[in-house]
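Colleague: Take a look and give me a structure for this.
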Amino acid sequence: AQQRRLQSIVYVSSLSVLFGGDGPPLAPDAPLAAAENAYVRSKAEAERTARRLQAAGAPICTTYPPAVVGPDDPGLSVGNLAVRTFLRYGMALGWIDADPTPALRGAIARPPKQNRAAITDPARFGQLLRAIDDFEGQKTTQIALRLLALLYPRPGELRRATWSEFDLEAQVWSVPAERMKMRRAHRVPLPDAAIDQLRELHALTGAHDYVLPSLRSWKTPMSDNTLNAALRRMGYGKDEMTAHGFRATFSTMANESGLWHPDAIERALAHVDGNDVRRAYDRSEHWDERVRMAQWWADTLGNLRGEP
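Modeller: Residues are numbered from 1 along each chain as shown. Model prediction:
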């Protein structure tokens, strides 16, 4: 029974990492308890996830468990580190004898990368901010959208945030490395407007671990569909704005302002320099500049919203 649960966890973890999930892949030695908290616990739920991905048009590998892949699985990206990690995991557990992906290298085309939709025009973004203020859904969802705009994190980083990560007095959000896409701990300066939103949110969810718990159970984080669904409810199509698009909005406007060093903007977005040599010598966080930039951005949003 334990092996079956692990197989389904590995299966859906690989789907999540490859085709739309923003959560981190499981390490090969991840404890079962951590794995179950992060992903599903049954083959049935794995198959439901696969069907949802297929309905959304995602090309996925539907083999279960993921160990027995071959050239007839067109959704498999053989160079993807996540898949290779899970296959090695299967080898360690004795599910397969060897990793079959090297023989497939180059045989399957990588799908083209698609940028997530974002509003980068200041006037239109101001309209979105006012629409969020008028949102009539759950209060926690409204505050989550405001925090996405203010702090520009990856949506999954915000949804899975716990109250223990926030120091409201010091005005810092410390995201641990295991929850970051690039496995690098990240600090986020919190402007005054974000502190106000977090204090309001704490009155609603502060008794629980998650800052944004699920409506179904406070033991799990908000669903990954909640924020995009809220945008759709406000009339913004998936080709117009996405939860991830707030990052592009900030990046575009911050760069176009000419006020901030490009490296400070990249650090604020938790991007890692692709140049190994440059990254080795530039280990600074540009923290002081990022603190000033965070408050500038909050003030900019207030101006776009039309606050007096």
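
Colleague: Show me the helices in the stretch 101-250 of the chain, by range?
Modeller: Along the stretch 101-250 of the chain, counting by DSSP state H, counting those that start in this stretch, helices occupy 122-133, 139-151, 155-159, 192-205, 226-233, 245-257.

Colleague: buried residues in the second one?
Modeller: So that's helix 139-151. The neighbour-count check on helix 139-151 (16 or more other CB atoms under 10 Å) flags 140-151 as buried. Where C-beta positions appear, they are placed from N, C-alpha and C, glycine not excepted.

Colleague: picking that back up, would you tell me which of the helices of the stretch 101-250 of the chain gets closest to Ile265?
Modeller: Counting by CB to CB, Ile265 lies closest to helix 245-257 out of the helices of the stretch 101-250 of the chain; the figure is 5.0 Å.

Colleague: So which bits of the closest one are buried?
Modeller: Using 16+ other CB under 10 Å as the burial criterion, the residues of helix 245-257 that qualify are 245-254.

Colleague: That helix vs helix 139-151, what angle?
Modeller: Helix 245-257 and helix 139-151 are oriented at 30 degrees to each other (axes from the mean of the first three to the mean of the last three CA atoms, to 10 degrees).

Colleague: Just name whatever secondary elements helix 245-257 is in contact with.
Modeller: Applying 3 or more CB pairs under 8 Å, 6 or more residues apart in numbering; DSSP states H and E, one finds that helix 245-257 makes contact with helix 122-133, helix 139-151, helix 262-268, helix 287-305.

Colleague: Now do the second one: everything it contacts.
Modeller: I take that to be helix 139-151. For helix 139-151, the external contacting residues (CB atoms under 8 Å, 6 or more residues apart in numbering) are 129, 132-133, 135, 153, 155, 158-159, 173, 188, 190-191, 193-194, 197-198, 200-201, 204-205, 212-213, 222, 226-227, 230-231, 243, 246, 249, 294, 297-298, 301.

Colleague: Of these, keep whichever come out buried.
Modeller: The neighbour count (16+ other CB under 10 Å) marks 129, 132, 135, 153, 155, 158-159, 173, 188, 190-191, 193-194, 197-198, 201, 205, 212-213, 222, 226-227, 230-231, 243, 246, 249, 294, 297-298, 301 as buried among the contacts of helix 139-151.

Colleague: if I look at Ile119, how far off is Thr141?
Modeller: To Thr141, Ile119 is 19 Å away according to CB to CB, to the nearest Å.

Colleague: shaky segments in the stretch 151-300 of the chain?
Modeller: Along the stretch 151-300 of the chain, the model assigns pLDDT under 70 to residues 273-284.

Colleague: what do you get if the cut-off is 90, keeping everything else the same?
Modeller: The stretch 151-300 of the chain contains residues with pLDDT under 90 at 177-184, 215-218, 223-224, 271-285.

Colleague: one step back: compare the helices and strands packed on helix 245-257 and give me the one nearest Gly237.
Modeller: Ranking those by proximity to Gly237 (CB to CB) places helix 122-133 first, at 12.4 Å.

Colleague: number of nearby residues for His186?
Modeller: If you count neighbours by other CB atoms under 10 Å, His186 ends up with 21.

Colleague: Please tell me I have it right and it contacts Glu178.
Modeller: No. Contact criterion CB atoms under 8 Å: His186 and Glu178 do not qualify, at 11.4 Å.
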